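**Student:** Provide a 3D model corresponding to the input given below.
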Amino acid sequence: MSDAMRGQRGGMVRARIAGWALAIALWGFSIGWFLAPPTGEFVDRFYSRGLYRWVTAVIVPMTSRAPFSLALALVVGGVSLFVLLWLVNWAVRRGIWGMSHWRGLIWGPKWAFLIAPFLLTWFIVFWGAGYQRLTPEQRLNLDTTAITPEESEQLRGMLLEVIEHSLPADESARDTDRAIAAVAAAMRDIFREWDGKSPVIPPRVKATPKGMLLFNGTSGVCTPFTLEPHVDGALPDTWFVATGAHELAHIAGMCREEEAEFIGYAAGLRADDAFARYAAALNLYLDLARQLPGQQHREAVERLPETAREDITRLRETTRRYRVDWFSKVSWRVYDSYLKSQGIAEGVKNYQRGVALFVYAWRQGLVSVPAMSLSDAAATGLAT
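**Tutor:** Coordinates of the predicted model:
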């Protein structure tokens, strides 16, 4: 064997050793992070208000320009390529080199073991570390005493005014792109006021193929690897905007579901767009009404304008059309386990706390419900 060949083989051996060493080190980092994460104060200061802003500044402008979902392309392309290489490797080892079936079969698990820690580290650095940041109650020093029936009734009344005065007059007023852009702008303003600086938030969300998310009971998803917000393309426009606000909040670094709900409400109500305010107000109104006993809940829904009730009916019909009940139940159990693995003890019930967070912040004047008047409605052409 020539010296060149020996040097080449030695280089390959060193590269393999380095690859395995790096994979093992990243496994150690990932497992250590999940088993013994740093304190919320550390994550909030150095990650959420530090590294994560740099990540969004680099990644969001690139991924938001793509007219399609880069995350979906990466998942489909990556999985397909992995399976193809596995099959080719097995065929070559078995058919050409005459090796046993096992030599070809273990190629997949071996490379999965090597690739997985890189994906876990990517998840933590790009987004997942934010699960460990301080809670909104801690960051904003919120008064978390129990919400009184009077507070709930007062807030529902204010939201009903917003709904009535912001009703879309026609289809041209239901511009989802304009509404989402207004929500993103309002969200950036909120973070500047609370944190002094805002992470980069994309001005739009990406629609998935119709039913792609709804079939398992989900309406939107944030992909942490590319920081892209997605909403199911089958959702009616009002709920597309409301869900889009929630997913934008995830991209802003609000990993926990109750945080995203809270910020989505606040930004939607603050948005400089009537349809965005309508969608957020209707969503929050219904979430408050769900906490009422049966008859009171029905009466609260009946108080809504006819257009709003029609929007609710459209959502129910769309959900019924695309949802697969058994798969939805399995998916939500898996997601419940995932949330608990991230330190969220209540799992999927975490969504329900978004309403409470909004009320706590509203008490202290940190968020507001826009005061609507007839002159406001007339000026926008949306008077009821």
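**Student:** rest of the way, CA atoms for contacts and neighbours
**Tutor:** Noted.
**Student:** isn't G217 up against R321?
**Tutor:** No - contact criterion Cα atoms under 8 Å: G217 and R321 do not qualify, at 11.2 Å.
**Student:** ok, the two, which is more surrounded?
**Tutor:** Counted by other Cα atoms under 10 Å, G217 and R321 do not tie: G217 has more neighbours, with 21 against 13.
**Student:** pLDDT at that one, what is it?
**Tutor:** For G217, the model assigns a pLDDT of 85.
**Student:** again with E151
**Tutor:** What the model reports as pLDDT for E151 is 93.
**Student:** repeat that for the one 10 residues further on.
**Tutor:** Note on E161: pLDDT of 97.
**Student:** R94 too?
**Tutor:** Looking at R94, its pLDDT reads 75.
**Student:** could you report the distance from it to L84?
**Tutor:** 15 Å (Cα to Cα, to the nearest Å).
**Student:** how about A15?
**Tutor:** Distance from A15 to L84, by Cα to Cα: 24 Å.
**Student:** and what of A185?
**Tutor:** From A185 to L84 the distance is 43 Å (Cα to Cα).
**Student:** the two: which has the busier surroundings?
**Tutor:** Set side by side, A185 and L84 show more neighbours around A185, with 19 against 12, by other Cα under 10 Å.
**Student:** isn't the more buried one up against P202?
**Tutor:** No - contact status for A185 versus P202: not in contact, 9.2 Å apart, counting by Cα under 8 Å.
**Student:** how's the chain carved up into domains?
**Tutor:** 3-131, 136-380 (automatic domain parsing).
**Student:** need the winner for burial among those.
**Tutor:** With neighbours taken as mean count of other Cα atoms under 10 Å, the domains of the chain reach their highest mean count in domain 136-380, at a mean of 19.
**Student:** now that domain, how far from the centre of its chain.
**Tutor:** 12 Å (Cα atoms, centre = their mean, to the nearest Å).
**Student:** next helix or strand past the lengthiest helix in the chain?
**Tutor:** Ranked by residue count, the top helix of the chain under DSSP state H comes out as helix 3-35. Sequence order places helix 40-42 as the next helix or strand after helix 3-35, per DSSP states H and E.
**Student:** so after that next one, what's the next helix or strand?
**Tutor:** Next along from helix 40-42, by DSSP H and E: helix 52-65.
**Student:** now the next helix or strand after that next one: mean pLDDT?
**Tutor:** Downstream of helix 52-65, the next assigned helix or strand under DSSP H and E is helix 70-91. Regarding helix 70-91, the rounded mean pLDDT is 91.
**Student:** which other helices and strands contact helix 70-91?
**Tutor:** Here helix 70-91 touches helix 101-105, helix 107-126, going by 3 or more Cα pairs under 8 Å, 6 or more residues apart in numbering; DSSP states H and E.
**Student:** need the residues that contact stretch 169-180.
**Tutor:** Stretch 169-180 is contacted by residues 168, 203-205, 237-238, 240-241, 244-245, 271, 273-276, 381-382 when judged by Cα atoms under 8 Å, 6 or more residues apart in numbering.
**Student:** quick one: mean pLDDT for it?
**Tutor:** 94.
**Student:** could the C-alpha coordinates of it be exported in CSV?
**Tutor:** Output of stretch 169-180 as CSV, limited to C-alpha atoms (Å, rounded to 0.1, in the frame of the first residue of the first chain):
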residue,chain,number,x,y,z
ALA,A,169,-68.4,44.5,6.0
ASP,A,170,-67.6,42.3,2.9
GLU,A,171,-65.0,39.8,1.7
SER,A,172,-62.5,42.6,0.8
ALA,A,173,-62.3,43.4,4.5
ARG,A,174,-61.2,39.8,5.2
ASP,A,175,-57.6,40.3,4.0
THR,A,176,-55.7,37.6,6.0
ASP,A,177,-52.3,38.7,4.7
ARG,A,178,-52.9,42.3,5.8
ALA,A,179,-54.3,41.2,9.2
ILE,A,180,-51.3,38.9,9.9
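**Student:** separation between E317 and D170?
**Tutor:** In terms of Cα to Cα, E317 sits 21 Å off from D170.
**Student:** in this structure Y285 contacts M158, no?
**Tutor:** No - here Y285 lies out of contact with M158, judged by Cα under 8 Å, at a distance of 9.3 Å.
**Student:** thinking again about what came up before, how about the helices and strands packed on helix 70-91, which one is nearest I24?
**Tutor:** Taking Cα to Cα, helix 107-126 is the member of these nearest to I24, at 7.8 Å.
**Student:** nothing else from me, thank you.
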